[in-house]
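Student: sequence and computational prediction follow.
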Amino acid sequence: MLAVLLGLGALAVVVVLSVAVGAAPTTPAEVWHALFSPTGSPTDIVVRDLRLPRTLLGAVVGASLGVAGVLMQGHTRNPLADPGLLGISGGAAFFVVLSTTVLGVTGVYGYIWFAFAGAALAALLVFTLGAASRGGPTPVTLALAGLAVSELLLAITSAMVLGDGPSLDAYRFWAAGALDDRGADLTLQVLPFMVLGLVLAAANSRALDVLALGEDSARGLGQNITRARVVGLTGVTLLTGAAVAVSGPIGFVGLVAPHIVRSLVGPAHGRLIPLAAIVGAVFVLAADVVGRVVVRPGELAVGIVLGIVGAPFFIAMVRRRRMVRL
């Protein structure tokens, strides 16, 4: 309970900072005025039309990636598993480039649905390949299939963008992992998929606790392993696919947030999942605020900030305490 309260407190702080901090200086009084008694001034427009939607998007993307990381690590029983392990990022990237080169789609509002479709189809392909082995979709077969599909799709994507300038520009903008230039309507389009993914994650929590005992023990306790994996990996696909489609591939969150939460509240997934959502949202919003400040009046994409800060942070965390076993 204390960890949840601390997480919510941290989330409240970064939400306030996300609304108040930006290239244009904004006082607390101006933010209050824009939120509760707007008159259409330039500051009101910046706060209500730009920063609020961006804050909402950052919170839901971070929460989705944090929960997807818990599911991915739980089902693969791999503490280094990332939500992109199922080929989701590679599938989304491939379809973004495909939509720009073949169909001439431009702008995030045009290719978001192609990215989501690519993420879903790649995850389905990985699960099908993993299930085709003699033992079914085991953690090892899923990881190997995900790695193979990811590398294949990323290689094809790289070959396509190198020969097409407009596709390369669209791909670079999407692949940086950013929250700017995404309106509230874009967030509302993907929000139902994220909510459904969170519901599936909550429904999958008890099965993950049983699977943590090992597949033989889980079968002995009456757990339907195939059904549990289908529910969990569908949740991963919805959460990561929607997040990647709308913001691009944002690393670190799904890898590290579950470890931090697991060290605070233990291995029970009923506690892990909601707290990972909070911690993931805090990470993404905090990185977005830092990206607005360090190169002001310009900005660094949140994916770049998390890559720069996240890798050393994760190494330090591993060195300070033994990696949490799954």
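Tutor: That came through, no problem.
Student: dihedrals phi and psi, the spatially closest residue to Ala176 that is not a sequence neighbour?
Tutor: Sequence neighbours aside, Ala301 is the residue nearest to Ala176 in space, at 4.1 Å (criterion: CB to CB, 6 or more residues apart in numbering). Any C-beta I mention is one placed from the backbone N, CA and C, and that applies to glycine too. Dihedral pair for Ala301: phi -60, psi 150, per degrees, to the nearest 10.
Student: please report how far Ala301 lies from Asp216.
Tutor: Separation of Ala301 from Asp216 (CB to CB, to the nearest Å) stands at 45 Å.
Student: in terms of neighbours, single out the busier of these two.
Tutor: The neighbour comparison of Ala301 against Asp216 (other CB atoms under 10 Å) goes to Ala301, with 21 against 8.
Student: residue contacts, that one?
Tutor: By CB atoms under 8 Å, 6 or more residues apart in numbering, the residues touching Ala301 are Ala176, Gly177, Ala178, Asp180, Gly248, Gly291.
Student: cutoff 6 Å now
Tutor: Under the criterion of CB atoms under 6 Å, 6 or more residues apart in numbering, the neighbours of Ala301 are Ala176, Gly177, Ala178.
Student: and Leu57, by the same measure?
Tutor: Leu57 makes contact with Leu179, Arg182, Thr187 under the criterion CB under 6 Å, 6+ apart.
Student: again, only this time at 8 Å
Tutor: By CB under 8 Å, 6+ apart, the contact set of Leu57 is Leu179, Arg182, Leu186, Thr187, Val246, Ser247.
Student: name the nearest residue to it, ignoring sequence neighbours.
Tutor: Closest to Leu57 by CB to CB, 6+ apart is Thr187, at 4.7 Å.
Student: summarise which helices and strands the host helix or strand of that neighbour is packed against.
Tutor: For Thr187, the host element (DSSP states H and E) is helix 184-211. Under the contact criterion of 3 or more CB pairs under 8 Å, 6 or more residues apart in numbering; DSSP states H and E, helix 184-211 touches helix 52-76, helix 108-131, helix 215-220, helix 225-247, helix 269-293.
Student: how much space separates the most centrally placed residue in the chain from Gln73?
Tutor: Residue closest to the mean C-alpha point of the chain, counted by CA atoms, centre = their mean, is Leu65 at 2.8 Å. Distance, Leu65 to Gln73, by CB to CB: 12 Å.
Student: do Phe313 as well
Tutor: 18 Å.
Student: ok, now Gly40?
Tutor: According to CB to CB, Gly40 stands 47 Å off from Gln73.
Student: for His33, same thing?
Tutor: Applying CB to CB, the value for His33 to Gln73 is 44 Å.
Student: do Val14 as well
Tutor: 24 Å.
Student: go on, Met160?
Tutor: Applying CB to CB to Met160 and Gln73 gives a distance of 32 Å.
Student: and those two? Which one has more around it.
Tutor: Ranked by neighbour count (other CB under 10 Å), Met160 and Gln73 place Gln73 first, with 26 against 19.
Student: in contact with Gly270, which residues are there?
Tutor: Counting by CB under 8 Å, 6+ apart, Gly270 makes contact with Ser205, Arg206, Asp209.
Student: among these, name the buried ones.
Tutor: Those of these that meet the buried threshold are Ser205, Asp209, by 16 or more other CB atoms under 10 Å.
Student: closest to Gly7 among the contacts of Gly270?
Tutor: Nearest to Gly7, judged by CB to CB, of these is Ser205 at 17.5 Å.
Student: could I get the contacts of Ala301 as a markdown table with secondary structure, distance to Leu98 and pLDDT?
Tutor: What follows is these, written out as a markdown table (DSSP: H, G, I helix; E, B strand; the rest coil; distance: CB to CB, whole Å; pLDDT from 0 to 100):
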| residue | secondary structure | distance to Leu98 | pLDDT |
| --- | --- | --- | --- |
| Ala176 | coil | 19 | 78 |
| Gly177 | coil | 20 | 82 |
| Ala178 | coil | 21 | 82 |
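Student: spatially nearest residue to Val290, not counting backbone neighbours?
Tutor: Nearest residue to Val290, sequence neighbours excluded (CB to CB, 6+ apart): Val305, at 5.3 Å.
Student: hmm, back to that, just the contacts of Gly270 now: which is nearest Val236?
Tutor: The closest of the contacts of Gly270 to Val236 turns out to be Ser205 (CB to CB; 13.6 Å).
Student: tell me who's in contact with the residue nearest to the closest one when sequence neighbours are not counted.
Tutor: The shortest distance from Ser205 to any non-neighbouring residue, by CB to CB, 6+ apart, is to His269 (3.9 Å). Going by CB under 8 Å, 6+ apart, His269 touches Val70, Gly74, Asn204, Ser205, Arg206, Leu208, Asp209.
Student: give me that answer again for 7 Å
Tutor: Shown in contact with His269 (CB atoms under 7 Å, 6 or more residues apart in numbering): Val70, Gly74, Ser205, Leu208, Asp209.
Student: do Met72 as well
Tutor: Applying CB under 7 Å, 6+ apart, we find Met72 in contact with Ala81, Asp82, Pro83, Leu85, Val236, Gly254.
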